[in-house]
Each structure stands twice: as C-alpha cells, then as structure tokens.
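> Okay, structure incoming, though there's no sequence with it:
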C-alpha cells in the first residue's frame, strides 16, 4: 500500500512524509493492543504519545523545509 501511495504522489503532485520508515522498529513509540479474550490474538498496533510526537515533528520539519518551495 505504501508503494502505491508513493507512486501516486509522484504523478499527482502531492507531498508525503514517510511515517512508516520512521516508526519501524521503534517499539517504545508503539502501542500493542493484544486482546486474547477474543479467542485469538488480535494485533492492533498504533503509535503511542511518543509516536504521535514523532509524527508531528516530521510534519513540522517537512512544512518548515518546504513551505517556501511549493
């Protein structure tokens, strides 16, 4: 899915920030909601507060770097 988003951004002219690569292997920035009460393990992985702080910083840095160039 990420590959398609990147390809579409190049042809459609919109900007993307690679959040996925920045959060890969950052276990301390993720919530792992494992609910075994459902009869099977359900992985529901989302950024925690620190992960969202990183996402905000990446967006801010991109905006500051590119605000006058677009």
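Yep, it's here. Please read these numbers as outputs of a predicted model, since none were measured by experiment.
> only C-alpha atoms for contact and neighbour calcs from this point on.
Will do.
> Other residues contacting stretch 53-62?
Residues outside stretch 53-62 that contact it (CA atoms under 8 Å, 6 or more residues apart in numbering): 17, 19.
> Could you look up the next helix or strand downstream of the lowest-mean-pLDDT helix or strand in the chain?
Of the helices and strands making up the chain, the lowest-confidence element is strand 30-32, at a mean of 73, by mean pLDDT, DSSP states H and E. Following strand 30-32 in sequence order, the next helix or strand is strand 45-47 (DSSP states H and E).
> For that next one, which residues meet the burial criterion?
Buried residues in strand 45-47, counted by 16 or more other CA atoms under 10 Å: residue 47.
> any chance you could map the helices in the protein?
All helices of the chain, identified by DSSP state H, fall at 2-12, 19-23, 49-66.
> what is the mean pLDDT for the first one?
Taken as a whole, helix 2-12 has a mean pLDDT of 88.
> quick one on the thing from earlier: mind checking the helices of the chain for the one nearest to residue 29?
Distances from residue 29 to each of those were compared using CA to CA; the minimum, 4.4 Å, belongs to helix 49-66.
> Kindly state the pLDDT recorded for the most centrally placed residue in the chain?
For the chain, the residue lying nearest the average C-alpha position, counting by CA atoms, centre = their mean, turns out to be residue 19 (3.2 Å). Note for residue 19: predicted pLDDT of 86.
> can you check residue 42 too?
Confidence score, pLDDT, at residue 42: 57.
> cool, residue 52 as well?
Residue 52 carries a pLDDT score of 93 in this model.
> Check the burial of it by counting its neighbours.
By other CA atoms under 10 Å, 15 other residues sit near residue 52.
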